[in-house]
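**Student:** how would this look folded up:
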Amino acid sequence: MKRGTIFFRNTSVGCVVLNLSTGGAGLAVESDDALPFAFDLEIESEPIRRHCILVWRLERRLGVTFEYDRMQRPERGPI
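**Tutor:** The predicted structure follows:
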């Protein structure tokens, strides 16, 4: 399991990545707060930010698929 961060609008929500495949992931969030249908996901120690589409949610667990044409590298400062 890895830590992750969900980003949408000007908000970030911590999560745990329960499982990960090339097409999507299973996530667990700390609260039952509403999440949008689409958001970005950064996973610790991975160099890309994935754009996700929410497929299902059951309480604090959710399944997402990745939208590959919108994946991007997180912006980093100058080297």
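
**Student:** what's around Phe7, how many residues?
**Tutor:** Neighbourhood size, Phe7 [other Cβ atoms under 10 Å]: 16. Yep, even glycine has a C-beta here, placed from its N, CA and C like the rest.

**Student:** what pairs with the residue lying closest to it once chain neighbours are set aside across the strands?
**Tutor:** Of all residues not flanking Phe7 in the chain, Asp40 sits nearest, at 4.4 Å (Cβ to Cβ, 6 or more residues apart in numbering). Assessed by DSSP bridges, Asp40 has beta-bridge partners Phe7, His51.

**Student:** tell me the confidence at the most centrally placed residue in the chain?
**Tutor:** By Cα atoms, centre = their mean, the mean C-alpha position of the chain lies nearest to Leu41, the distance being 2.6 Å. pLDDT recorded at Leu41 is 97.

**Student:** could you do Ser31 as well?
**Tutor:** 88.

**Student:** helix or strand: which one has it?
**Tutor:** For Ser31, there is no helix or strand it lies in under DSSP states H and E.
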